[in-house]
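**Q** build me a model:
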Amino acid sequence: MTVRTVFGVLFGLLLSVASVALVAWLLWWLWTRREEEAAKSAAIEIEVEEPPAEAPVEEAEAEGAADEALPVAEVPAEEVEAEEEAAAEEPPPPPDDLKVVEGIGPKIESVLRAAGITTYAQLAAADPAHISEILEASDPRLRRLADPTTWPEQASLAAAGRWDEFEALKETLKRGRRVK
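**A** Here you go, the predicted model:
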């Protein structure tokens, strides 16, 4: 065996080991990236404003605000229970097909649903900047694919059942952007 043959074999082995290591690293990187994206999309929530906190009763008494008892209107227990049952029986509105809105496909629809936007009325009430934040947090590529600035306008027409105006508006859009 010549020196050239020995070096050729060693170089081939080294190249094979490096290739296997590179493929293993690439698979590890893709796996961890997928887990991070799944965690990010699960963490998207619609911001809810909290009602202002009320002062505790002890503080009000200490300040002399509750020196005398105020009359309290008594509500029969049956009325309270009936109201609670009516509120509990009221199901959430059925989700609308958001894909009819120009610029929303299956992926973006699933992202919006995960963020709590499931109906035309909710989409119409949403701020385009907030929708952009939702898309950016889920996958930055989604924000480049479609422009959400016209989605609330389209959704308000759909929610009102004004389908002729909705279709006329859609004709002037491409991926949610005005083109005509």
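**Q** packing partners of the longest helix seen in the chain?
**A** Counting residues, the longest helix found in the chain (DSSP state H) is helix 3-42. For helix 3-42, the elements it packs on are helix 106-114, helix 128-138, judged by 3 or more CB pairs under 8 Å, 6 or more residues apart in numbering; DSSP states H and E. Yep, even glycine has a C-beta here, placed from its N, CA and C like the rest.
**Q** make it 7 Å
**A** Packing contacts for helix 3-42, counted by 3 or more CB pairs under 7 Å, 6 or more residues apart in numbering; DSSP states H and E, involve helix 128-138.
**Q** can you name the element that comes right after the helix it packs on?
**A** Toward the C-terminal end, the helix or strand that comes next after helix 128-138 (DSSP states H and E) is helix 140-145.
**Q** helices or strands up against that next one?
**A** helix 106-114, helix 128-138.
**Q** nearest to residue 21, out of these?
**A** helix 128-138 (32.6 Å; CB to CB).
**Q** next, the angle helix 3-42 makes with that closest one.
**A** 140 degrees (axes from the mean of the first three to the mean of the last three CA atoms, to 10 degrees).
**Q** got the angle for helix 128-138 vs helix 106-114?
**A** 110 degrees.
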